[in-house]
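K.L.:
build me a model:
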Amino acid sequence: MMQDQGLIGALESGRAEIRRFLVARTGSEADADDLLSELWIKVRAGQSGPVASPKSYLYRMANNLVLDRLRAARRRQRREAEWTEERHGLLHSTDEVVEPAPTAEQMLIEVEQARRLAEAIAQLPPGAQRVLRRHKLDGLSHGEIAAELGISRSAVEKHMAVAMAHLRRLMGD
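P.N.:
Model (predicted):
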């Protein structure tokens, strides 16, 4: 039986295979990279006991992350559709949703959230900050960022994991 260090080693050695698995499941390299970062965070948290088959365990964890993301997307779509129908209804003549202008309160909340996010990003270590900006804001894949910065893809994933954990902690999920 292997301990959590075995899971970390299995993840690092099987990263490319697990990434391909995630790309196949999600249809998106960016989503696969995000899920791989989440997987890395969960493995690093190390809250599992001894694992007899680290590779199988990692694939199960990765598949569960994909399923969690799909379920969340379905719940979000259902909530948004219900909210839109309840709040605005559909225009029967064109079937277009009428979108009201945001209220002053909504605008202030959005400005405050943007300020908090900018402050949280500014507190990141320089490497994590740079990787986060290139991936989330500029839309580059982990491989593109690694090539641009001259670091390994694993280093990019670790920077993203640090950044996402930091932002979740400061911003709240």
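K.L.:
please count neighbours and contacts with C-alpha atoms only from this point.
P.N.:
Noted.
K.L.:
quick check: the gap between Ile138 and Glu144.
P.N.:
Residue 138: Asp, not Ile. 11 Å (Cα to Cα, to the nearest Å).
K.L.:
helices along the chain, start to end?
P.N.:
4-13, 15-26, 29-45, 54-87, 104-122, 126-132, 142-149, 153-171 (DSSP state H).
K.L.:
which one's more surrounded, Asp138 and Glu144?
P.N.:
Glu144 (15 against 10; other Cα atoms under 10 Å).
K.L.:
show me this structure divided up by domain.
P.N.:
According to automatic domain parsing, the chain comprises the domains 1-99, 101-173.
K.L.:
I'd like the average pLDDT over the last one.
P.N.:
This points to domain 101-173. Average pLDDT, domain 101-173: 88.
K.L.:
return the distance of that domain from the chain's centre.
P.N.:
10 Å (Cα atoms, centre = their mean, to the nearest Å).
K.L.:
Tyr57: what's it in contact with?
P.N.:
Val51 (Cα atoms under 8 Å, 6 or more residues apart in numbering).
K.L.:
report pLDDT for it.
P.N.:
91.
K.L.:
distance of it relative to Pro50?
P.N.:
Between Tyr57 and Pro50 the computed distance is 11 Å (Cα to Cα).
K.L.:
using CSV, list the CA coordinates for stretch 31-47.
P.N.:
Coordinates of each C-alpha in stretch 31-47 appear next as CSV, following Å, rounded to 0.1, in the frame of the first residue of the first chain:
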residue,chain,number,x,y,z
ASP,A,31,-10.9,22.6,-18.8
ALA,A,32,-8.6,19.6,-18.6
ASP,A,33,-5.8,21.9,-17.3
ASP,A,34,-8.2,23.4,-14.7
LEU,A,35,-9.3,20.0,-13.5
LEU,A,36,-5.7,18.7,-13.4
SER,A,37,-4.9,21.7,-11.1
GLU,A,38,-7.9,20.8,-8.9
LEU,A,39,-6.8,17.2,-8.8
TRP,A,40,-3.3,18.3,-7.8
ILE,A,41,-4.7,20.4,-5.0
LYS,A,42,-6.8,17.5,-3.7
VAL,A,43,-3.9,15.1,-3.8
ARG,A,44,-1.6,17.6,-2.1
ALA,A,45,-4.3,18.0,0.6
GLY,A,46,-3.5,14.4,1.3
GLN,A,47,-6.7,13.5,3.3
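K.L.:
relative to Gln77, how far out is the nearest residue to Ala161 once chain neighbours are set aside?
P.N.:
Nearest non-adjacent residue to Ala161, counting by Cα to Cα, 6 or more residues apart in numbering: Ser37, 5.4 Å away. Distance, Ser37 to Gln77, by Cα to Cα: 24 Å.
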